[in-house]
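J.: here you go, sequence then predicted model.
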Number of protein chains: 4
Amino acid sequence: MNIHSHVPLSDKRTAILEAALDLFVERGYHGTAVPAVAERAGVGAGTIYRYFKSKEDLVNALFRHWKQALAGQIIAGVSPTAPPREQFHQLWGGLARFARNHPKVFAFLELHHHASYLDEESRATETRVLDLARAFVARLQDQGVLRPMPAMAIMILVYWGLVGLTRCAQEGRLDLTDDVLVQAEECLWDAIRA
Amino acid sequence: MNIHSHVPLSDKRTAILEAALDLFVERGYHGTAVPAVAERAGVGAGTIYRYFKSKEDLVNALFRHWKQALAGQIIAGVSPTAPPREQFHQLWGGLARFARNHPKVFAFLELHHHASYLDEESRATETRVLDLARAFVARLQDQGVLRPMPAMAIMILVYWGLVGLTRCAQEGRLDLTDDVLVQAEECLWDAIRA
Amino acid sequence: MNIHSHVPLSDKRTAILEAALDLFVERGYHGTAVPAVAERAGVGAGTIYRYFKSKEDLVNALFRHWKQALAGQIIAGVSPTAPPREQFHQLWGGLARFARNHPKVFAFLELHHHASYLDEESRATETRVLDLARAFVARLQDQGVLRPMPAMAIMILVYWGLVGLTRCAQEGRLDLTDDVLVQAEECLWDAIRA
Amino acid sequence: MNIHSHVPLSDKRTAILEAALDLFVERGYHGTAVPAVAERAGVGAGTIYRYFKSKEDLVNALFRHWKQALAGQIIAGVSPTAPPREQFHQLWGGLARFARNHPKVFAFLELHHHASYLDEESRATETRVLDLARAFVARLQDQGVLRPMPAMAIMILVYWGLVGLTRCAQEGRLDLTDDVLVQAEECLWDAIRA
DNA sequence: CATGAATGAGTTTTCATTCAT
DNA sequence: TATGAATGAAAACTCATTCAT
């Protein structure tokens, strides 16, 4: 999947973002040199600065892009009128599909969770997504479908469960098959349903 | 809790390890300058190199120390003869107490792009601990107490659930009270029991 | 004479090599700071690392370059068919001219003789040059022109005589005029001829 | 031979000077760390500063001590009334014996020739010795025994010849037997006699 | 637009020297 | 007197960023 779904504003911009994603996940933000990003992207080091004001600007663009993409995909996949268990199935399916298609993105988004180089706008994006999710959980709790406990805790158990599965799969410690994803869905539904 | 449980071999060594833990969690390994560690530890920059061969040696010492401390505390807390639900209670209690007492350690241990700077010995320590846990889970699965699915996946859902709770608590997004921990225990037991 | 005889691949590289030569002779390898080399070369400190992997790489490049240049100039100047005394005259003339034109190089090559920071390739270069010279001396000994004694000793008396003359001239203790060089040639020929 | 011929003021001082000599010859002045000298001397690092004001003070003490020892031994060995060839024999014998007994000292004295860390007193010592030698050579030139050329040049050919022989012997490139030393004496006498 | 050579501020690390014991 | 842990200044080296081409 391309970073620019519709209009590839620039192949180079995309190449830079993809290279940056790879390296930030592999070595972390501070452990990644800008010339290394340029080399992997197949562009000159100076070129990066035509598309991004700075290294910090680059990591923030990457973060916001994917955070929004993830939120959008999840929201689009969940039908507001479906019954709760079906909604959870759609939600988990969306998350799992995303984690499967973009395992590096998934690792990146948590790696850089709340990091000092994320700017106000990125934090705002993060908070917006969280608030959306919290409202969704709270509504189901009001309906008595989910357990009465902090909505945040419910979200965490589900989301970080998938983070853990994805990371361990990336490290080769777990084979993240469809079966395992289905089993995990069942587990987590049992974890949170009232 | 002191890094040297019995004999504080050296106050400075301990101070350095504690300062390094704080900063590695706050800013990451590559984002942390050695003089910053020294300053927070209240020692001269050169002093760090009297206790650790290099910055890499320091992060590895820190990792191994705490990985072993965590494993030791958990193992010590679980009675091999207790009934399964009680064993899970002991396990979760040990983990939760550890995460509560050393939230930074808990964050640090999973702060992975460790991949690039952890040495062979540290990886071996990690693998040893994992194998221990896997054996424990597999035994309960054989007894039909836990769901038939990859043991690793079960471990991940529980462990990363707590990682998520701890990290979000650190970020101020969640108030990790005893109540929440008890509720989470109930959730996760329902997640994994057969 | 330029370090790049034909094509000055890079003015900066040459400037760095020349600055390094000056400083290594003045203050020794370990006594010379890389930024000092940069300053004398009129480049930024980081620039040195665009042309040389490390300080050690720099000193080795310098050593090999000049060792080969010296050997080449000597070999080119000696006619294989000339009578022995004439060959010695050519040899001495070549050496003396080199020492006169590049007194610092001459000092450098002996200063760094067998130093711990010279790598395998540099030692190989050194050995190759020495073997060439030894063969030359041995042939003249076989012809009964030079005294029967270790070829190495003969080479040393001539070569180190010139090293001493050059070094003392550099220190201002001796005025190394053409006359003195001619007289020294006469002395050393009498020293080694049968 | 002990650094303090008569009264061993202190074993530690001697041990330090001997260790420093070894290391300065092996790695140069700037390449030698004071703690490394202490370790080889078998004393604490701080102890060095009870005997020498600084590293520079240490290298100067070492230089002066051995320069004077060398000069003294040579002077003592040459009989002012002997015939010239015999005087040269005594001189060469003294030098050669010294170089044989203390090859590292011989290397050290020229390695550190006129280096920037030698102080005024060390330079004065050097100059005094040179002037003595120059007067000796000049007298023989006046008698028509040695060639009419700068006295300094004559001294250099002889002295640096031995320096070269000693250094190459140390490097293992030459076996410096008594035979070779006798042959070299003959060579150098032929080099300088009128 | 795109580049990559150049740079200096900042990083990790070493070491001469001090000083409490 | 002797020590060696401690240190900060300075070393080698890296890298985000700029700018001439």
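T.: Sure, I can see it.
J.: near DNA strand E, which residues of chain A?
T.: A:10, A:12, A:35, A:43-47, A:49-50 (C-beta under 7 Å from any atom of the strand). For every residue, glycine as well, the C-beta is placed using N, CA and C.
J.: check those for burial and list the buried ones.
T.: A:12, A:43, A:47 (16 or more other C-beta atoms under 10 Å in any protein chain shown).
J.: tell me who's in contact with the closest residue to the second one other than its chain neighbours.
T.: Closest residue to residue A:43 in three dimensions, ignoring its sequence neighbours and counting by C-beta to C-beta, 6 or more residues apart in numbering or on different chains: residue A:12, at 5.4 Å. By C-beta atoms under 8 Å, 6 or more residues apart in numbering or on different chains, the contact set of residue A:12 is A:41, A:43, A:47, A:51.
J.: could you do residue A:81 as well?
T.: Contacts of residue A:81 (C-beta under 8 Å, 6+ apart): none.
J.: any idea how far it lies from residue A:90?
T.: Look at residue A:81 and residue A:90: by C-beta to C-beta, to the nearest Å, they are 11 Å apart.
J.: then residue A:56?
T.: Applying C-beta to C-beta to residue A:56 and residue A:90 gives a distance of 36 Å.
J.: tell me the confidence at the closest residue to DNA strand E within chain A?
T.: Going by C-beta to the nearest atom of the strand, DNA strand E is nearest to residue A:46 of chain A, at 1.5 Å. Looking at residue A:46, its pLDDT reads 96.
J.: which SS class is it?
T.: helix (DSSP: H, G, I helix; E, B strand; the rest coil).
J.: got the phi and psi for the closest residue to chain C within chain A?
T.: Residue nearest to chain C within chain A: residue A:35 (11.7 Å; C-beta to the nearest C-beta). When quoted as degrees, to the nearest 10, the phi and psi of residue A:35 stand at phi -60, psi -30.
J.: next up, the contacts around it.
T.: Contacts of residue A:35 (C-beta under 8 Å, 6+ apart): residue A:45.
J.: one more: the one 10 residues further on?
T.: Each residue near residue A:45 by C-beta under 8 Å, 6+ apart is listed here: A:34-35, A:38.
J.: turn those into TSV, columns for pLDDT.
T.: Formatted as TSV, the contacts of residue A:45 follow (pLDDT from 0 to 100):
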residue	pLDDT
A:34	98
A:35	97
A:38	97
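J.: ok, the residue nearest to residue A:157 when sequence neighbours are not counted to residue C:149 distance?
T.: Nearest non-adjacent residue to residue A:157, counting by C-beta to C-beta, 6+ apart: residue B:161, 4.6 Å away. Computed as C-beta to C-beta, the residue B:161 to residue C:149 distance reads 86 Å.
J.: for the residue nearest the centre of chain A, give me phi and psi.
T.: With distances taken as C-alpha atoms, centre = their mean, the residue of chain A nearest its centroid is residue A:106 (4.3 Å). Here is the backbone geometry of residue A:106 (degrees, to the nearest 10): phi -60, psi -40.
J.: surely it and residue A:98 touch.
T.: Yes: the pair residue A:106 and residue A:98 qualifies as a contact (C-beta atoms under 8 Å) at a distance of 6.9 Å.
J.: helices or strands next to the helix or strand encompassing residue A:123 in the packing?
T.: Element membership of residue A:123, judged by DSSP states H and E, is helix A:120-142. In terms of contacts (3 or more C-beta pairs under 8 Å, 6 or more residues apart in numbering or on different chains; DSSP states H and E), helix A:120-142 is packed against helix A:55-77, helix A:151-170.
J.: can you list those helices in TSV and add mean pLDDT and mean neighbour count?
T.: Output for the helices and strands packed on helix A:120-142, formatted as TSV (pLDDT from 0 to 100; neighbours: other C-beta atoms under 10 Å in any protein chain shown):
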stretch	mean pLDDT	mean neighbour count
helix A:55-77	93	18
helix A:151-170	96	24
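J.: which among those is found nearest to residue C:61?
T.: helix A:55-77 (32.8 Å; C-beta to C-beta).
J.: okay, domains of chain A per the record?
T.: A:1-52, A:56-192 (automatic domain parsing).
J.: how about TSV for those, with distance to residue B:139 added?
T.: Listed next are these as TSV, based on distance: least, C-beta to C-beta, whole Å:
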stretch	distance to residue B:139
domain A:1-52	35
domain A:56-192	19
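J.: mean pLDDT lowest for which of the ones you listed?
T.: domain A:1-52 (a mean of 87).
J.: ok, that one near DNA strand F or not?
T.: Yes: for domain A:1-52, a contact with DNA strand F is found by C-beta under 7 Å from any atom of the strand, at A:32-36, A:45-46, A:48-49.
J.: residue A:68 is in contact with residue A:125, correct?
T.: Yes: Residue A:125 is within contact range of residue A:68, at 6.3 Å (criterion: C-beta under 8 Å).
J.: dump the residue contacts of residue A:144.
T.: Neighbours of residue A:144 in contact, by C-beta under 8 Å, 6+ apart: residue A:194.
J.: check residue A:59 too.
T.: A:20, A:24, A:29, A:112, A:117-118.
J.: quick one: which of these is nearest residue A:191?
T.: Nearest to residue A:191 among the contacts of residue A:59, with distances taken as C-beta to C-beta, is residue A:112, at 26.6 Å.
J.: and whichever strand or helix holds residue A:108, what does it pack against?
T.: Following DSSP H and E, one finds residue A:108 within helix A:103-111. With contacts defined as 3+ C-beta pairs under 8 Å, 6+ apart, the packing partners of helix A:103-111 are helix A:11-27, helix A:55-77, helix A:84-101, helix A:151-170.
J.: what's the local residue count around residue A:115?
T.: For residue A:115, the count of nearby residues is 17 (other C-beta atoms under 10 Å in any protein chain shown).
J.: spatially nearest residue to it, not counting backbone neighbours?
T.: Nearest non-adjacent residue to residue A:115, counting by C-beta to C-beta, 6+ apart: residue A:29, 6.7 Å away.
J.: how about the one you found, secondary structure?
T.: Going by three-state DSSP: residue A:29 is coil.
J.: other residues contacting stretch A:101-108?
T.: Outside stretch A:101-108, the residues that touch it by C-beta under 8 Å, 6+ apart are A:1, A:21-22, A:24-25, A:62-63, A:66, A:69-70, A:98-99, A:162-163, A:166-167, A:169-170.
J.: please repeat the previous calculation with a cut-off of 7 Å.
T.: A:1, A:21-22, A:24-25, A:66, A:98-99, A:163, A:166-167, A:169-170 (C-beta atoms under 7 Å, 6 or more residues apart in numbering or on different chains).
J.: ditto for stretch A:182-194
T.: Contacts of stretch A:182-194 (C-beta under 7 Å, 6+ apart): A:85, A:88-89, A:92, A:144-147, A:154, A:157-158, A:161, A:165, B:147, B:149, B:153, B:157, B:187-188, B:190-192.
J.: kindly recompute the last result at 8 Å.
T.: So stretch A:182-194 is contacted by A:85, A:88-89, A:92-93, A:96, A:144-148, A:154, A:157-158, A:161-162, A:165, B:147, B:149, B:153-154, B:157, B:187-188, B:190-192 (C-beta under 8 Å, 6+ apart).
J.: buried ones in it, by neighbour count?
T.: Quick answer for stretch A:182-194 (16+ other C-beta under 10 Å): A:183-185, A:187-192.
J.: and the residues you listed, which two are furthest apart?
T.: Pairwise over those, using C-beta to C-beta, the maximum falls at A:183 and A:192, 15.5 Å.
J.: the helix holding residue A:108 to helix A:151-170, inter-axis angle?
T.: For helix A:103-111 against helix A:151-170, the angle by axes from the mean of the first three to the mean of the last three C-alpha atoms, to 10 degrees is 130 degrees.
J.: quick one: buried residues of helix A:103-111?
T.: Under 16+ other C-beta under 10 Å, the buried positions of helix A:103-111 are A:103-111.
J.: separation between residue A:169 and chain D?
T.: Residue A:169 sits 49 Å away from chain D, taking C-beta to the nearest C-beta, to the nearest Å as the criterion.
J.: quick check on the nearest residue to that residue once chain neighbours are set aside: phi, psi?
T.: Excluding the flanking residues, the one nearest residue A:169 by C-beta to C-beta, 6+ apart is residue A:176, at 3.7 Å. With angles defined as degrees, to the nearest 10, residue A:176 sits at phi -80, psi 80.
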